[in-house]
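[1] Following is a predicted model, sequence given first.
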Amino acid sequence: MALPDASGDVLSEMDVDAFRRLFPLRFFETHLVKSTRPDGRSLAEARETSSALGAVASADGSALVKIGSTRMLAAIKMEVMTPSKESPDEGCIAIDFHMPPICSPTVRPGRPAEAAPVVSKQLSDTILRQVKCLSCCSFCGMINLKELSLISGKAAWMAYLDIYCLDADGALFDAALLSAVAAFSHLQIPVVSMNDDGKVVVLSGDHGGKEPVNKGKRKLTLSSIPLSLTCLLHKNYILADPTAEEESVMETLVTVVLDSSGQLVSLYKPGGPVLAYTSAIQDCVALTRQRARELQTILDEVTSGMEVD
Amino acid sequence: MAGKGGATPSTYSPSPTTQKTKSLSFGNDEVLRPDDREWHQCRPAFFQIGVVAAAAGSAYADFGSTKVIVSVFGPRESKKAMMYSDIGRLNCNVSYTNFATPVRGQAYDLGSDHKEFSSMLHKALEGATILETFPKTTVDVFALVLESGGSDLPVVISCASLALADAGIMMYDLVTSVSVSCLGKNLVLDPTLEEESYQDGSLILTCMPSRDEVTQLTITGEWSTPKINEGMKICTDACSKFSQIMKSCLKGLDSALEEEDSNVD
């Protein structure tokens, strides 16, 4: 059997599959030369993206996000804590990213995926770092932690955000960040009051004579929403929104996070065999800028759908 | 109070904990169940296959507020530490998301893995899978409970057998499972989390309906012999109806919502 160097027209369907498995890099390169990818996308094109809010009934805010076949389920549960002495009028956000064994053949039970803590850290950095920099100016983060305060020095909200990857097919960080943002936009803070034991409890239906402590503070103000795009560098090519297969064959990833005003929040290039020139990085940022607008429209659509209900 | 920096502060859920005081009057015949079902009626069941692209086979099941995803991987190489074996192995794992239960992370004390359910799932499927068809290799069956709304294990088992079928693993028959709770003098089919918390006893029947064979039967709590007979009858009836829904899901006929009710005369 001759290797399909010249042209692919004599190859049967089976041979293409075998070629893809045996010579994955050459398989991809034959596509890249023609400025296309095996799934029919152009190099700069991201996969179809959709989002649905309120997927988890038992949570206070939740979202399901799909980018291609990558799926993320994010849910927020609100609990009450005693704020620390240093910041008595601030709440807290705990972010956790999970890759359960169902999501990928490489994850086995009892052995957490290597990628999970990395994505978890990146998410916390992206969502919380903004908040911390507010000491310099008035306020410039995504979430103002002061909005999570209930009774100064006594009680504040702890928002537990858990993101589960249900299907891992590349660009995990992008999908996780989008699901986190969508879950925060869906979050409805329960109305609570202080009971006789000094505990904060949810008020049900009629207020039962109790005065709610957080009247009218049901939603968080989300300013400057971070949105991201992961690009894959291979030779001189830049592939936006790679699939798991593309990530495994060509290993250099660049993730750019921009906020709503188009400012750079973070940029990750965790090594990889390709050393990027500044121009490549600038191209990635430009692609992200374009993608952020797309994502913003998707987010606006789902959240406006929610307000109609 | 501990106000040390760095350490995560202890938190509590503001939602009222399940109060045993507002006991439901389950002894009363006229009273319907909290979700207006008949005693011997299942929740609306929904199945879908092929939900996880990364897996060889997968299924999603949705029974009221109980939501489960099962992925099947393999047959693939067994772990090196395993002994040589002429027949294949099934490796099962059941875990819960942190938000599955009404109060976060309350699912189980030992992390998110549910060891007991993992082993029960393995035993429920082992007898139905033709292990001889994949010698020396392992088939991994991983389940994630997205939301726990009662009858979790039976839903996981039914969903897992559908995922195995989707992966093309040879089985003697689909495995379906359903549970019955004993509440006072009533038998309650497919109980919710709330009903399970009041139950006097529970019966989980797992069977292969076309072959009329039981792969697993778990009875706990207080049961009289006639009650067990009645419970088994309700369960086998419901199992055969579920297998119809699961078969039509596999054939791709209708993945629409199906109402299931099995009234016993």
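    Perfect, thanks for sending it. Residues are numbered from 1 along each chain as shown, chains lettered A, B, ... in the order given.

[2] Poorly predicted segments of chain A, please.
    Scanning chain A for pLDDT under 70 picks out the ranges A:1-14, A:129-140, A:204-210, A:215-217, A:306-309.

[3] And the strands in chain B?
    B:11-12, B:45-49, B:57-63, B:66-77, B:89-96, B:137-147, B:176-183, B:186-189, B:201-208, B:213-221 (DSSP state E).

[4] other SSEs contacting the last one?
    This means strand B:213-221. helix B:115-126, strand B:201-208 (3 or more Cβ pairs under 8 Å, 6 or more residues apart in numbering or on different chains; DSSP states H and E). Any C-beta I mention is one placed from the backbone N, CA and C, and that applies to glycine too.

[5] I'd like the ones you listed as CSV, with mean neighbour count and distance to chain A appended.
    Formatted as CSV, the helices and strands packed on strand B:213-221 follow (neighbours: other Cβ atoms under 10 Å in any protein chain shown; distance: least, Cβ to the nearest Cβ, whole Å):
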stretch, mean neighbour count, distance to chain A
helix B:115-126, 19, 8
strand B:201-208, 23, 21
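
[6] thinking again about what came up before, and the strands of chain B as TSV, adding mean pLDDT?
    Listed next are those as TSV, based on pLDDT from 0 to 100:
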stretch	mean pLDDT
strand B:11-12	82
strand B:45-49	93
strand B:57-63	95
strand B:66-77	94
strand B:89-96	93
strand B:137-147	94
strand B:176-183	94
strand B:186-189	91
strand B:201-208	94
strand B:213-221	93
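
[7] Compare these and give me the one nearest B:Arg104.
    Proximity to B:Arg104 (Cβ to Cβ) singles out strand B:11-12 among the strands of chain B, at 8.8 Å.

[8] and the closest one, what does it pack onto?
    For strand B:11-12, the packing partners by 3+ Cβ pairs under 8 Å, 6+ apart are strand A:70-81.

[9] near chain B, anything from the strand it packs on?
    Yes: using Cβ under 8 Å from any Cβ of the partner chain, strand A:70-81 reaches chain B at A:71, A:73, A:75, A:77-81.

[10] could you say which helix or strand contains A:Asp96?
    Here A:Asp96 sits within strand A:92-98, counting by DSSP states H and E.

[11] Can you name the residues of the stretch 51-200 of chain B sitting close to chain A?
    B:51-55, B:58, B:65, B:69-71, B:73, B:76, B:93, B:95, B:97-102, B:104, B:112-113, B:140, B:142-144, B:146-147.

[12] okay, now A:Phe27: neighbour count?
    Close neighbours of A:Phe27, defined as other Cβ atoms under 10 Å in any protein chain shown, add up to 19.

[13] That one touches A:Asp15, doesn't it?
    No: counting by Cβ atoms under 8 Å, A:Phe27 does not reach A:Asp15; the two are 11.4 Å apart.

[14] Would you list the buried entries among the residues of the stretch 51-200 of chain B next to chain A?
    B:51-52, B:54-55, B:58, B:65, B:69-71, B:73, B:93, B:95, B:97-102, B:104, B:112-113, B:140, B:142-144, B:146-147 (16 or more other Cβ atoms under 10 Å in any protein chain shown).

[15] Test for you: state the pLDDT assigned to B:Glu258.
    Looking at B:Glu258, its pLDDT reads 46.

[16] Please apply the same query to B:Gly184.
    84.

[17] what's the neighbour count on it?
    Neighbour tally, B:Gly184, other Cβ under 10 Å: 14.

[18] For it, give its distance to B:Glu38.
    B:Gly184 is 16 Å from B:Glu38, where distance means Cβ to Cβ, to the nearest Å.

[19] try B:Glu195
    13 Å.

[20] Looking at those two, which is more packed in?
    Neighbour comparison, B:Glu195 and B:Glu38: the larger count goes to B:Glu195, with 20 against 13 (by other Cβ under 10 Å).

[21] I'd say that one and B:Ser181 touch.
    Yes: contact criterion Cβ under 8 Å: B:Glu195 and B:Ser181 qualify, at 5.7 Å.

[22] between the two, what contacts are shared?
    B:Val188 (Cβ atoms under 8 Å, 6 or more residues apart in numbering or on different chains).

[23] what residue ranges in the stretch 1-150 of chain B score low on pLDDT?
    B:1-9, B:16-31, B:80-81, B:105-112.

[24] give me that answer again for 80
    B:1-9, B:15-32, B:79-83, B:104-113 (pLDDT under 80).

[25] Angles on the backbone of the closest residue to B:Glu196 other than its chain neighbours, please.
    Computed as Cβ to Cβ, 6 or more residues apart in numbering or on different chains, the closest residue to B:Glu196 that is not its neighbour in sequence is B:Gly150, at 5.1 Å. The phi/psi pair for B:Gly150 (degrees, to the nearest 10) reads phi 100, psi 150.

[26] B:Ser210 is in contact with B:Thr176, isn't it?
    No: using Cβ under 8 Å, B:Ser210 is not in contact with B:Thr176; the gap is 10.1 Å.

[27] Quick check: neighbours shared by those two?
    With Cβ under 8 Å, 6+ apart, B:Ser210 and B:Thr176 have common neighbours B:Ser243.

[28] between the two, who's got more neighbours?
    B:Thr176 (27 against 12).

[29] Can you list the buried residues in the helix or strand encompassing A:Ile298?
    Using DSSP H and E, A:Ile298 maps to helix A:278-308. Neighbour counts over helix A:278-308 (16+ other Cβ under 10 Å) mark A:280-281, A:283-285, A:287-288, A:291-292, A:295, A:298-299, A:302 as buried.

[30] same thing with stretch B:214-232?
    Neighbour-count burial for stretch B:214-232 flags B:215-216, B:218-219, B:223, B:227-228, B:230-232 (criterion: 16+ other Cβ under 10 Å).

[31] tell me which of the residues you listed is nearest to chain A?
    B:Gln216 (21.2 Å; Cβ to the nearest Cβ).

[32] Would you confirm that that closest one contacts B:His122?
    No: B:Gln216 lies out of contact with B:His122 (Cβ under 8 Å); the separation is 10.1 Å.

[33] Run through the helices of chain A in chain order.
    When assigned using DSSP state H, the helices of chain A occupy the ranges A:13-22, A:24-33, A:115-132, A:172-186, A:244-249, A:278-308.

[34] Output the helices and strands packed on strand B:213-221 in JSON lines, with distance to A:Gly153 appended to each entry.
    Shown next, in JSON lines, are those (distance: least, Cβ to Cβ, whole Å):
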{"stretch": "helix B:115-126", "distance to A:Gly153": "42"}
{"stretch": "strand B:201-208", "distance to A:Gly153": "47"}
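
[35] which residue packs closest to A:Ser120, ignoring adjacent ones?
    What sits nearest to A:Ser120 in space, not counting adjacent residues and going by Cβ to Cβ, 6+ apart, is A:Phe97, at 4.0 Å.

[36] which ones are touching that neighbour?
    Neighbour list for A:Phe97: A:116-117, A:119-120, A:123, A:163, A:165, A:176 [criterion: Cβ under 8 Å, 6+ apart].
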